[in-house]
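K.L.:
here is the input, now give the coordinates:
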Amino acid sequence: MPRQISEFFLFGDSHATAIAEAAKASNLPFKGGMLMSGRYMESQFYTLSDGRLIFPEEQFGSFLNSGHSDVLAYDGPILSTIGSNSWRFAKHFVEWEQSARTSAFASEALFNRCVLDHWTGSLSMYSDFEKYGHSVYIILSPIRYSPKSRFHAVSRKYHALVEEQMRALGHKVLNIDNELYDKNGAIHSCFENQNNNDQAHGNVRWGNMVLGAFLKALNDDSGAVREIA
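P.N.:
Below is the predicted model of the structure:
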């Protein structure tokens with residue numbers, strides 16, 4: 001018999017905010033939520049002590065009331081957004097290319113090294129998830145750069161490498177690209193955060209689509225069924 005999903009854990013950076021809002025609107029129970037901006041997760045952002053995650057109080061103090069420290073002991077499905085922030089990586093990488101007057105795409109190894117250096121903290125986190133027996137569901141951040149831009153190309157390559165690394169650790173990357181982007185690779189405007197000062201995040205409609213893909217994956221993997229209103 002299919003089992004009803006009663007709760008999930010949302011382990012995320014700022015991209016988790018729209019997912020959390022969508023879950024609340026759908027009365028889908030969850031623990032966790034946004035831990036902190038992804039820029040703080042690029043380096044090693046936690047230590048591990050007796051199975052608990054210890055975070056620097058000065059960076060994460062106001063967010064640590066949602067059970068993030070005990071996520072490794074969580075007995076249920078985990079949805080994560082951390083480590084997929086292609087917007088920030090692409091911005092800094094292209095700026096570096098322009099200042100160096102070179103294209104690091106000429107060297108696949110160099111590009112991959114830059115991604116993995118940027119991704120140190122997240123890779124450590126996902127490795128610990130794997131060591132503690134968790135197969136985590138991961139959603140990549142939306143790409144809001146123009147498909148004609150260098151930023152978009154870098155973001156795509158970043159996502160491809162992140163997905164490869166995640167699958168190698170036994171985690172599962174949700175794919176919503178066909179619904180999220182048009183035939184040219186541009187994000188559908190209905191999924192964009194409408195704040196003019198925010199060029200990186202999706203909105204609640206995007207969050208709802210993520211939850212739909214997450215619940216479908218759970219159903220496919222284990223018979224967990226939960227409709228989104």
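
K.L.:
for residue 174, the count of nearby residues, please.
P.N.:
18 (other Cβ atoms under 10 Å). Quick note: C-beta positions are derived from backbone N, CA and C, even for glycine.

K.L.:
from residue 84, how far off is it?
P.N.:
Residue 174 is 10 Å from residue 84, where distance means Cβ to Cβ, to the nearest Å.

K.L.:
joint contacts of these two?
P.N.:
138-140 (Cβ atoms under 8 Å, 6 or more residues apart in numbering).

K.L.:
and residue 24, what's its pLDDT?
P.N.:
We have a pLDDT of 94 for residue 24.

K.L.:
typo on my end, it should be residue 68
P.N.:
Residue 68 carries a pLDDT value of 86.

K.L.:
residue 69 contacts residue 53, doesn't it?
P.N.:
Yes. Counting by Cβ atoms under 8 Å, residue 53 is a contact partner of residue 69 at 4.9 Å.

K.L.:
ok, which stretches of this structure are helices?
P.N.:
Counting by DSSP state H, the chain has helices at residues 16-25, 57-60, 86-100, 108-118, 120-131, 150-168, 177-180, 204-222.

K.L.:
residue ranges with poor pLDDT in this structure?
P.N.:
Within the chain, the ranges that satisfy pLDDT under 70 run 1-5, 37-43, 57-66, 101-106, 198, 222-229.

K.L.:
distance of the residue nearest the centre of the chain from residue 54?
P.N.:
Nearest to the mean C-alpha position of the chain, counting by Cα atoms, centre = their mean, stands residue 81 at 2.0 Å. Using Cβ to Cβ, residue 81 is found at 21 Å from residue 54.

K.L.:
got it, and residue 119?
P.N.:
Look at residue 119 and residue 54: by Cβ to Cβ, they are 21 Å apart.

K.L.:
same drill for those two, tell me which one is more crowded.
P.N.:
residue 119 (24 against 13).
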